[in-house]
Every structure is written in structure tokens, then in C-alpha cells.
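Trainee: Output the structure for:
(6 chains)
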Protein chains: 4
Amino acid sequence: MKNIKEFSEKEIAIYEGALELVAKYGFHGTSMSLLTKEAKVSTGTVYHYFSSKDDLMKKMYCYYRSKVEAHVSSHLQGEKEYKQRFYSRWMTLYLYYTQHPKVLQFFEQFINSPYNQERSPHHFTGAYFTFLKEGVDKKYLKPAKPEIYEAMYMGSVIMASKINVFGSILLDEGDRELLINKLWYGMADV
Amino acid sequence: MKNIKEFSEKEIAIYEGALELVAKYGFHGTSMSLLTKEAKVSTGTVYHYFSSKDDLMKKMYCYYRSKVEAHVSSHLQGEKEYKQRFYSRWMTLYLYYTQHPKVLQFFEQFINSPYNQERSPHHFTGAYFTFLKEGVDKKYLKPAKPEIYEAMYMGSVIMASKINVFGSILLDEGDRELLINKLWYGMADV
Amino acid sequence: MKNIKEFSEKEIAIYEGALELVAKYGFHGTSMSLLTKEAKVSTGTVYHYFSSKDDLMKKMYCYYRSKVEAHVSSHLQGEKEYKQRFYSRWMTLYLYYTQHPKVLQFFEQFINSPYNQERSPHHFTGAYFTFLKEGVDKKYLKPAKPEIYEAMYMGSVIMASKINVFGSILLDEGDRELLINKLWYGMADV
Amino acid sequence: MKNIKEFSEKEIAIYEGALELVAKYGFHGTSMSLLTKEAKVSTGTVYHYFSSKDDLMKKMYCYYRSKVEAHVSSHLQGEKEYKQRFYSRWMTLYLYYTQHPKVLQFFEQFINSPYNQERSPHHFTGAYFTFLKEGVDKKYLKPAKPEIYEAMYMGSVIMASKINVFGSILLDEGDRELLINKLWYGMADV
DNA sequence: GATGAATGAGCTTTCATTCAT
DNA sequence: AATGAATGAAAGCTCATTCAT
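Mentor: The predicted structure follows:
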């Protein structure tokens, strides 16, 4: 896996500038000229690292997804119990999104746009699906197609994050635990 | 509420053409010039009915939301039991989205774009939220902030639809009922 | 054949502006922004009639070639003798080029550029080649591949025009007749 | 005259890369960035040897013209008769161009572009014009302005080469001799 | 109501050139 | 001498919008 340290200063400045702008103005509203001002690089530099605006957006999606994946992974270290991991995965992602709302907004825009050529239904089709499938295979979760759990688990974490980020209401620690509990209660093979 | 019959042929042609294009090319890729070709109307006609592209997109969102709301409402007629409505609302929306994937794609793009100025976290903040709040108030659902249920209910129906539309897997009738059952099991005050 | 009257005012303004600029600054130096100023039309108008700069240049080549062809044709009316036509064709083209040096310069640049995708070696591969082939077939010219005559005839008319246009010397009426005489003397089957 | 041995490896690589690209893509299409890839040198290296793209093109024209001039000269050694030289000059240039079509294409593009600031009508205004003038002065050719002969001689050799290079037809040894014969017949003071 | 040619600001991208290494 | 990342002016082109018909 590509190490984050491999990115040059300029590349990171571009990614960070673009994140700011896409969250604020959307893909359409993020013009190259705005980006060069925000990231404080020249047009030529953007095109030195990326072959087109599309290419930038696709690589940017990979960049932030790697970051979030690394973040979630590092928060799961040492947890062995499935139920504990079920809580942690949900909560870590939720907290990341609510603390980094621009990443969430970027992901949501990307996933629902024509940039998403693999047509993934959400941001973490890999690791999270595997985790839920493991739950079914090892009988922590009641027998069912893992996609059913994927819809419930990913749907709720993303929607809860969006309610927090977009809306006015804030779910406190207790609310969040309640939600995961209900999910677990509905899904687990007690 | 504006009756669907009030729309002129041209207006509908514009909405339908735009739906096609937004699903295929996104907001960015849906230019007015492409739209006039797709809808077989002149530029002038579009600007006769809509004051700008923004105006078109916002009215188009209302148009399709009204259609879906009317569709859902008509499927709930005569159902009195909360649990029955809990099933029907979820299922009807799911079936509508999987049968009209372009509407889903349009809604998702709209909600996550800067066009969504009210910053709604999903497509049916009104009726569906009210329905879930009613469940809490009337104690059909365990006591909790209705937003918790909103995240679980709306998150799962949208995510399940997207898994069907974007992905390769198809949830059959049994799968769908299983999913709603798990939701109900997690949320209901049995 | 497309009648010149079918071209709109704007199209002609574009062709005339482009001719001016290509003659002065070459293809590379003829930017769209210069062209819109010269032709007094907007960028959009250029792209309304032509799909790209390449497309404009190709259509422009056809436009001026048609004009020159029509000019030459109209000067040959009523001439029956091959030798007389041999003189007239050469002279009419020479006079046209020296009186419209920008057309000559445009043609020469076009023919030698990658725009010339049919890889014609000169501007009038059709009518002039046919005329020389007729000369061989009907034995007005000594038996030989018509391409030999094409090289001599077209080469000399274009080079003579260029010597006049680019250089400082002017060939007078007598000089021109001398040249055609020598050509005829070399080529004709006396 | 600058000896070819004085050019460094890099300079030659640049000239050869540029020849390839100009023949393929024209002046416009030959960007410095393409050139550095083709010639396998860095941008800095190009700007070490040439002060600008214009400078490169002008020096490149001199470079290849020197090569062709040297080639033609070496083929004329020992020939004393005017008629023999008349044949050899034409034939040698023709053979060089048909064997090095990219040089011909480069010359033609250069001559007809704004790079040609001296506005030479063809590639060898020096030596070839002098040779034809000598023919008139020494009465090998009929009395006439040497420009008349220049148009016929240079026009035919360049056009014949272009017919071969661009077109499908190949003139064989006999055809070529026929052509020069006709030229000579038209021009010479028998 | 309906048309589509015309507009021009602003878009994405290119490219000759510089300069620190 | 040689490199190539960085620059930014300017290129080709798009596109929301206007308006005379």
C-alpha cells in the first residue's frame, strides 16, 4: 500500500485545497483557477501531477479513502471480540466523519457522481463488507446475505454522520451507543 | 401542492431529458445544450419555463419528490397498523428506487450537491421523519431521539437500493423482508 | 457543388479574418482570440459553425479552393484548343495567386501541414491532373506518365507565383508567356 | 561553414527528434515537451543549446540545409559539362528528398511558415539560383530572366518529390530522366 | 409560446520557458 | 553540462444565458 509520506508537498496542498473547495462549492464549482489559488500552486503544477481534473478527483478519492482506512485500522488494534469490533468500526467511522465533515461531503459527492466508475454504493466496499461477511460466516450475525447487513450498517453510519454534519442535531455518546445497540440487537445471533 | 396535470408537455420532456442526462453524466455533465437535444426543445423553451439551470434543477427535484411521495402515499392507503406501515413505507420506497434507478441517482446527486441549500441529509426529511417521530411518541418504537431511527431507517432503505442499483446483487422478496424485520426488531418496543 | 451564396455572413467573416491572419502569422500564430477580433464575431459563433480550429481550417481550405476553381473555370469558357487552354490554365492560376497572395500562402501552409490528411502534393489535384492526362491521352503532349507533366506544370505555376509573392522580382506579361512557352515546348507533341 | 562534426550528440538528438515530430505533427504539434521525450533529453538541455523554440527551428533549418547542400556538392565533383550538372543537380536533390521525406516535409513547412523571415520561395535560393544564372550568362540556356528557370527547375524537382512522397505513384529512373529531358529541352539554347 | 443564432465570461488545459539542484 | 519540477500567460473550447424573429 502506498505510504502517505510518498506524496510531495505540492500534491498534498492540492488535495487539501480541493477538499476545501469541493465541500464548499461541489465538483462543478471547484474550478482549476480557484484550486490554484486555494492550494497556492500554479496551473502547470496541478497538471504535472494529474493528467486532468478527472484524474485529480479520482486520485483524491483514493488518497482520502486510504487516510480513513488507515485511521480506522489503527483504532481497531488489539480488539479481538467481534461485538467490540462491531462497535468500534461503526463508532470510529462516525467520529471521523463528524470531525472531518469535508471528507464525508467529498466522499458522498464522489460516490454519487459519474466519477465513481466502479459504481460502489458506498465508501468502504472492501474492508467493511469483509468484516460483515466474517460475522455471518462465523455465526456472530444471524444467517443472511451479507449485503443485508451492509445496507443496515453502512447506511446507518453514513446517514447518522450526515444528519450530524448537514443537520442541526448532534447525537451524543449515549445516542450513538443506543443506535449501535439497536443495530447489533437486530443483526446479532445472540 | 401542485398537481402533476398542471405541467405542460414541454416541461415534462425537459424533466425527463434532464433525468436521463443527470443519471448518465452528472450535474456537471448535463449542459443546457445537451439537454435541448435530449428533450428535443429549444434553448428558449427551457428558459421560458425555468429562469436558470439552478432553478430547473431545484424544480426538478420537487417534481420527482412529489411523484415519489404520491406513489408512496397511494400504497399506504387503508393501512392502519404502525408495524404494517413501517414495512410498507420501507418496501414501497425501495421498490420505487430499484425500478427507477435514475430517480435515485438524481436524488443522491442533488442531496450531496450545493443545490441542496437546506442541507437535508436525505430525500424525505418531511414525511418519513414525522412517521418515525410518531412511532416514538406513540411508543411503537423504544424511546430514543427520532434521528436515531431516521439514520437506521432511511440509511438502510437508500443503501439497500444503491446496492441493488449500482452493484450486481439483487435482494429478493425474502431478503427485503428479513432486512425490515431486523430493523423492526432493533427499533420496536415489543 | 456547394454554392457560395449558401454561406452565412458570419461564416464568410470568419474565413476572411482567418485568411488574413494565417497569411500574416501562420497557423500557430492564428489564435482563436485574434480571429474573433479580426472577424468581429464571438468565440461562440466560431464554434457554432465549426467544431474545432482544425475543422475551421479544413473547411476554409475547401472554401477557398472552390472559389479559385470557380474562378479558373469561368476564365476557360469558350476555349477549345488544348494549347490555348494550356496557356489559360497556367496564366489564370498564376494571376489569381499573385493578385491574392494570402490565398497562395494559406494553400501552401495547408498543403504542407498535418491538416492535409489526404496528402495532396498541391492545391488542385483534381481538375489540373485530369487536364494534363487528357493532353497525354489525346496526344497533345508527348507520351509519358501524367505525373511528370503535373510536376512540371503545377510546380512551375506555384513556384513562379511564390517567387513573385515572396520575392522582390516581378515577372511581366512577356516573362510569363516565355515560361509557358518553354513548358509547352518541353511537353508538347509538336 | 560549420562542420557537422562540431555538433554535440545532444544537439543532433534534438535535431533528429524534432525532424521526426515536425514531419508527423507539424510545427504547431511539435511541443517542447514532446520533443524532450522524442529526443530523450531534458528541457534544460534544449535551452542550453537553443535560446528558444524559434532559435531551434531556425538552426535546425540551417543544419539540414547544410547536410543537403554537402550531399549535392559531393555528387557534383568532377562534372564539368553544364548539361551534366543540370541533370545531376536535379536528380541528386530529387533522390535525396524521396529518400529523406521528413527533410522535405520539414523544409516545405519551414519555407511556408512565418519562420521563413527572408521569405525565400524555396529551399536553395543560393546555389541553385546561381547555377541557373550561370547557365543564362554563359548561354547554355536561352536568354531569359533566371527566375523563369528557377520556377521551372526548382518547382519541378520539389513537386516531383512531393508527388512521390505524398502520393502513391513512384517515378522510376526512366521517368525521372524523361522529366529532366523535357525541362532541358524547354530551357536549353541548343 | 417557441426558436436557435449569437454572446462572452470563464472553463480546462497546454506549452514555452526558468531555475534550483 | 544536465536535470525536471515549477511557472503562469495564453491557448482552444464550453456553456449558461439572451434576444430578434
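Trainee: So the residue most central in space within chain A: helix, strand or coil?
Mentor: Closest to where the C-alpha atoms of chain A average out (CA atoms, centre = their mean) is A:His123, at 5.0 Å. Following DSSP: H, G, I helix; E, B strand; the rest coil, the label given to A:His123 is coil.
Trainee: show me the contacts for it.
Mentor: A:65, A:68, A:107, A:111, A:158 (CB atoms under 8 Å, 6 or more residues apart in numbering or on different chains). (Glycine included, C-beta is placed from N, CA and C.)
Trainee: what does A:Ser33 give?
Mentor: A:Ser33 is in contact with A:Thr43, counting by CB under 8 Å, 6+ apart.
Trainee: Moving C-terminal from the strand or helix carrying it, which element do we reach first?
Mentor: Assigned by DSSP states H and E, A:Ser33 falls within helix A:32-39. Downstream of helix A:32-39, the next assigned helix or strand under DSSP H and E is helix A:43-49.
Trainee: avg pLDDT for that following helix?
Mentor: If you average the pLDDT over helix A:43-49, you get 97.
Trainee: What helices and strands are in contact with it?
Mentor: If you count contacts as 3 or more CB pairs under 8 Å, 6 or more residues apart in numbering or on different chains; DSSP states H and E, helix A:43-49 packs onto helix A:9-29, helix A:32-39.
Trainee: hey, which of those helices is tucked in deepest?
Mentor: helix A:9-29 (a mean of 18; mean count of other CB atoms under 10 Å in any protein chain shown).
Trainee: So which residues of chain A form helices?
Mentor: Assigned by DSSP state H, the helices in chain A fall at A:9-29, A:32-39, A:43-49, A:53-76, A:82-99, A:101-111, A:127-137, A:146-166, A:173-187.
Trainee: Would you indicate which residues of the shortest one are buried?
Mentor: Right, helix A:43-49. By 16 or more other CB atoms under 10 Å in any protein chain shown, the buried positions in helix A:43-49 come out as A:45-46, A:49.
Trainee: chain center to it: distance?
Mentor: Averaging C-alpha positions (CA atoms, centre = their mean, to the nearest Å) puts helix A:43-49 26 Å from its chain's average.
Trainee: Pull out the buried residues from the contacts of A:His123.
Mentor: Here, 16+ other CB under 10 Å leaves A:65, A:68, A:107, A:111, A:158 buried among the contacts of A:His123.
Trainee: Would you format the residues you listed as CSV with pLDDT and distance to DNA strand E included?
Mentor: Formatted as CSV, those follow (pLDDT from 0 to 100; distance: CB to the nearest atom of the strand, whole Å):
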residue, pLDDT, distance to DNA strand E
A:Arg65, 95, 22
A:Val68, 96, 25
A:Phe107, 97, 20
A:Ile111, 95, 20
A:Ile158, 97, 27
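Trainee: thinking again about what came up before, nearest to D:Val72, out of the helices of chain A?
Mentor: helix A:43-49 (44.6 Å; CB to CB).
Trainee: do that closest one and DNA strand F meet at all?
Mentor: Yes - Helix A:43-49 lies within reach of DNA strand F by CB under 7 Å from any atom of the strand, at A:43-45, A:47-49.
Trainee: Find the nearest non-adjacent residue to A:Met91, please.
Mentor: A:Arg176 (6.4 Å; CB to CB, 6 or more residues apart in numbering or on different chains).
Trainee: Could you report the neighbour count for the one you found?
Mentor: As a burial measure, A:Arg176 scores 21 neighbours (other CB atoms under 10 Å in any protein chain shown).
Trainee: If I look at it, what pLDDT would I see?
Mentor: pLDDT, A:Arg176: 94.
Trainee: Isn't it up against A:Tyr94?
Mentor: Yes - A:Arg176 is within contact range of A:Tyr94, at 6.4 Å (criterion: CB atoms under 8 Å).
Trainee: shared neighbours, these two?
Mentor: Between them, A:Arg176 and A:Tyr94 share the contacting residues A:Ala160, judged by CB under 8 Å, 6+ apart.
Trainee: now the residue nearest to the centre of chain A: how far from chain C?
Mentor: Per CB to the nearest CB, to the nearest Å, A:His123 is found 39 Å from chain C.
Trainee: Which of the buried ones among the contacts of A:His123 lies at the shortest distance from chain D?
Mentor: A:Arg65 (31.6 Å; CB to the nearest CB).
Trainee: between the buried ones among the contacts of A:His123, which is closest to DNA strand F?
Mentor: Nearest to DNA strand F out of those is A:Ile111 (CB to the nearest atom of the strand; 21.8 Å).
Trainee: Next up, the contacts around that closest one.
Mentor: Contacts of A:Ile111 (CB under 8 Å, 6+ apart): A:120-123.
Trainee: quick one, what contacts A:Ala13?
Mentor: A:39-41.
Trainee: Near A:Met152, how many other residues are there?
Mentor: 24.
Trainee: unless I'm mixing things up, it is touching A:Leu183, no?
Mentor: Yes - using CB under 8 Å, A:Met152 and A:Leu183 qualify as a contacting pair, with a distance of 6.3 Å.
Trainee: Residue of chain A closest to chain C, please.
Mentor: Closest residue of chain A to chain C, CB to the nearest CB: A:Ser33 (17.4 Å).
Trainee: tell me the pLDDT at that residue?
Mentor: What the model reports as pLDDT for A:Ser33 is 96.
Trainee: roughly how far apart are it and A:Lys53?
Mentor: 12 Å (CB to CB, to the nearest Å).
Trainee: Likewise for A:Arg85?
Mentor: According to CB to CB, A:Arg85 and A:Lys53 sit 38 Å apart.
Trainee: ditto for A:Lys80
Mentor: 44 Å.
Trainee: higher neighbour count, the two?
Mentor: Using other CB under 10 Å as the criterion, A:Lys80 and A:Lys53 rank with A:Lys53 on top: 18 against 6.
Trainee: follow-up on the earlier one: wait, which of the contacts of A:His123 is closest to C:Gly17?
Mentor: The closest of the contacts of A:His123 to C:Gly17 turns out to be A:Ile111 (CB to CB; 47.6 Å).
Trainee: How about stretch A:96-115 and DNA strand F, any contact?
Mentor: No - Stretch A:96-115 is not in contact with DNA strand F by CB under 7 Å from any atom of the strand; minimum separation 12.4 Å.
Trainee: mind checking how far that stretch is from the chain centre?
Mentor: Taking CA atoms, centre = their mean, one finds stretch A:96-115 lying 7 Å from the centre of the chain it belongs to.
Trainee: Span of it from start to end?
Mentor: 23 Å (CA to CA, to the nearest Å).
Trainee: again with stretch A:29-44
Mentor: OK, stretch A:29-44 end separation, CA to CA: 20 Å.
Trainee: Without its sequence neighbours, what residue ends up closest to A:Val165?
Mentor: Among residues not flanking A:Val165 along the chain, A:Pro101 sits closest, at 4.2 Å (CB to CB, 6+ apart).
Trainee: thought that neighbour was touching A:Ala23?
Mentor: Yes - between A:Pro101 and A:Ala23 there is a contact under CB under 8 Å: 7.2 Å.
Trainee: so where's chain A uncertain?
Mentor: Scanning chain A for pLDDT under 70 picks out the ranges A:1-5.
Trainee: Could you pull up the contacting residues of the residue of chain A found nearest DNA strand F?
Mentor: Of all residues in chain A, A:Gly44 sits closest to DNA strand F, at 2.0 Å by CB to the nearest atom of the strand. For A:Gly44, the contact set (CB under 8 Å, 6+ apart) is empty.
Trainee: Could you do A:Asn112 as well?
Mentor: Counted by CB under 8 Å, 6+ apart, A:Asn112 has contacts B:105, B:108-109, B:112.
Trainee: The helix holding A:Ser33 versus helix A:53-76: what angle between them?
Mentor: Here helix A:32-39 runs at an angle of 40 degrees relative to helix A:53-76 (axes from the mean of the first three to the mean of the last three CA atoms, to 10 degrees).
Trainee: coming back round to it: identify the farthest-apart pair in the contacts of A:Ile111.
Mentor: Greatest spacing in the contacts of A:Ile111, by CB to CB: A:Pro121 and A:His123 (9.4 Å).
Trainee: So which bits of chain A are right by DNA strand E?
Mentor: Checking chain A against DNA strand E by CB under 7 Å from any atom of the strand, the hits are A:30-34, A:43-44, A:46-47, A:51-54.
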